[in-house]
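Colleague: kindly return the folded structure for what I paste below:
(one chain, ligands or ions: 1)
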Amino acid sequence: MSIDYAGFFSGAIDKLHEERRYRVFLDIERIAGAFPHARAEIDGKTRDIVIWCSNDYLGMGQHPDVIAAARKAVAEHGVGAGGTRNISGTNSAIVALERELADLHGKDHALVFTSGFISNDATISTVARLVPDCLILSDELNHASMIEGVRRAGREKAIFRHNDLAHLEELLKKAGVERPKLIVFESVYSMDGDIAPIHAICDLAERYGAMTYIDEVHAVGMYGPRGAGVAEREGAMERIDIIEGTLAKAFGCLGGYVAADGAIVDAVRSHATGFIFTTALPPVIASAACASVRHLKKSSVERDGQQRQAALTKRQLAARGIPVMVSETHIVPVLVGDPEKAKAASDLLLRRHGLYIQPINFPTVPRGTERLRITPSPLHGDALIEELADAMDQVWKELDLPRRAAAEAAE
Ligand SMILES: *Cc1c(COP(=O)(O)O)cnc(C)c1O
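Modeller: Purely as a prediction, here's the structure:
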């Protein structure tokens, strides 16, 4: 008897096809200086498209200062980092970047990782393991990287209903003030575009003696006077023990980090395998990210432009009865409610109109809430927004997708 190994894998893929959530990637070529315009390989042909679903939220990936910093670093230092941080990979560009990030968040120290995913996974698991008998309280909509960190901590966990303060308090009370606790949550939840009640969570943390860990991945660069995130905007940064962010979204580069006071960062640096046993970010990326963080500390033009264009997109879609989900942020989710229809809408937008919006399906969002997630940037001009709204109107007509009364949607 031979074992059909190949069958395990094709079976796993077949299941995704059956559930209509097999993922297809679009092969795109970003064009420096032309964002959000790009080229894509579609049915064997190269076509011009407009990207409407990028997490390079502010177009910083092509900012002249960022490109110049990268060019200079490559010319001076070459490409690779040459090792892990322990073994010859610590370069002056990373050290400067960490200083910049600590200053951004008003913390003593910052630590850079190779991605935001790793920073969450490594830090949450390490911190919870270093705190004896730590109970982790985790928002039910936390990102997969945080869930992975919670899982790998091997500590008891309690999941609280999304942004539900009463439920969080009930769980804190049950644990008691004596037991060490870590509350992990996000500031901006990127699929719905809603925001956590940061001060209220910190109030509870203080009352019940818990540590706080916030993921500001979808907020750094974009909120607060210096782009440190929602906690900065709300004057809550110093109330949070550990702030995590990415260099890959609004900062337009690659990498993740945490910022904190006292010995926390040093302990993570010294204990987290996801930090220790992997090659450092190369100087080219660290320098580019540093230039991006520095720029967004003093410039609000990009933030203001993004908020303006996101609001305009919401208004234009709502005026045509497209069901924009309520969002307090720059994220514009449009409800379709069916995986096949979400994919069909995305396909039509791309093939007929040259507009790229990736459909979002389970398990990223709950079944029945499949959606198109639109992320307007300051570089999506008014004319592009009108073109998008008209195209979506046509697609909604052609596929007979659910609409919402314009007045209701605009509420
Ligand atoms: C994208 C994302 C991450 C991971 O960040 P990367 O730098 O892309 O690895 C972490 N948290 C949230 C909420 C995210 O959406």
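
Colleague: roughly how far apart are Leu350 and Ile159?
Modeller: Plainly put, Leu350 is 37 Å away from Ile159 if you go by CB to CB, to the nearest Å. Using the backbone N, CA and C atoms, a C-beta is placed for each residue, glycine as well.

Colleague: do the same with Ser346
Modeller: Per CB to CB, Ser346 is found 31 Å from Ile159.

Colleague: Ala311 too?
Modeller: Ala311 sits 33 Å away from Ile159, taking CB to CB as the criterion.

Colleague: between these two, which one's more packed in?
Modeller: Ile159 (16 against 13; other CB atoms under 10 Å).

Colleague: just confirm that one contacts Leu135, I think it does.
Modeller: No: in terms of CB atoms under 8 Å, Ile159 does not count as a neighbour of Leu135; the distance is 11.5 Å.

Colleague: list the buried residues of stretch 138-149.
Modeller: Buried residues in stretch 138-149, counting neighbours by 16 or more other CB atoms under 10 Å, are found at 138-139, 141-143, 145-149.

Colleague: number of nearby residues for Arg315?
Modeller: Neighbourhood size, Arg315 [other CB under 10 Å]: 14.

Colleague: re earlier: so which of the buried residues of stretch 138-149 belong to helices?
Modeller: Of those, the ones assigned to helices by DSSP state H are 145-149.

Colleague: which one of the residues you listed is nearest to the ligand?
Modeller: Nearest to the ligand, judged by CB to the nearest ligand atom, of these is Ser145 at 4.7 Å.

Colleague: where does that closest one land on pLDDT?
Modeller: Note on Ser145: pLDDT of 98.

Colleague: ditto for Ile42
Modeller: In the predicted model, Ile42 carries a pLDDT score of 94.

Colleague: hang on, isn't it packed against His353?
Modeller: No: assessed by CB under 8 Å, Ile42 is found out of contact with His353, at 11.8 Å.

Colleague: check what pLDDT the residue in the chain positioned nearest to the ligand gets.
Modeller: Residue of the chain nearest the ligand, by CB to the nearest ligand atom: Gly116 (2.3 Å). pLDDT for Gly116: 98.

Colleague: ok, it - contacts?
Modeller: Contact analysis of Gly116 by CB atoms under 8 Å, 6 or more residues apart in numbering lists 145, 215, 217, 244-249, 255-256.

Colleague: Leu165 too?
Modeller: Leu165 is in contact with 197, 200-201, 204, counting by CB under 8 Å, 6+ apart.

Colleague: hey, where'd the helices end up in the stretch 101-250 of the chain?
Modeller: Secondary structure of the stretch 101-250 of the chain (DSSP state H, counting those that start in this stretch): helices at 116-130, 144-153, 165-175, 198-208, 230-233.

Colleague: tally up the residues packed near Leu254, please.
Modeller: The tally of other residues near Leu254 (other CB under 10 Å) stands at 19.

Colleague: which of the three states applies to it?
Modeller: Here Leu254 is recorded as coil under DSSP: H, G, I helix; E, B strand; the rest coil.

Colleague: any idea how far Ile49 is from it?
Modeller: With distances taken as CB to CB, Leu254 is found 23 Å from Ile49.

Colleague: got it, and Leu372?
Modeller: Applying CB to CB, the value for Leu372 to Ile49 is 15 Å.

Colleague: and Thr126, by the same measure?
Modeller: Distance, Thr126 to Ile49, by CB to CB: 41 Å.

Colleague: repeat that for Ile198.
Modeller: Going from Ile198 to Ile49 by CB to CB gives 37 Å.

Colleague: now swap in Lys157 and tell me
Modeller: Taken as CB to CB, the span from Lys157 to Ile49 is 42 Å.

Colleague: neighbour count winner among those two?
Modeller: Legend: neighbour count by other CB under 10 Å for Lys157 and Ile49, higher for Ile49 (21 against 17).

Colleague: tell me the phi and psi of the nearest residue in space to Tyr189 that is not next to it in sequence?
Modeller: Nearest residue to Tyr189, sequence neighbours excluded (CB to CB, 6 or more residues apart in numbering): Leu141, at 5.5 Å. Torsion angles at Leu141 (phi, psi; degrees, to the nearest 10) stand at phi -100, psi 10.

Colleague: residues touching Leu141, list them.
Modeller: For Leu141, the contact set (CB under 8 Å, 6+ apart) comprises 162, 186, 189, 191-192.

Colleague: would you confirm that Pro132 contacts Pro180?
Modeller: Yes: counting by CB under 8 Å, Pro132 touches Pro180, with 6.5 Å between them.

Colleague: now for the chain, the helix or strand with the poorest mean pLDDT.
Modeller: helix 406-409 (a mean of 45; mean pLDDT, DSSP states H and E).

Colleague: what about the chain, any weak spots by pLDDT?
Modeller: Across the chain, residues meeting the criterion (pLDDT under 70) sit at 405-411.

Colleague: 50 - rerun?
Modeller: Counting by pLDDT under 50, the low-confidence segments of the chain come to 406-407, 409-411.

Colleague: how about the residues of it near the ligand?
Modeller: Counting by CB under 6 Å from any ligand atom, the chain comes close to the ligand at 115-117, 120, 143, 145, 186, 190, 215, 217-218, 246, 248, 256.
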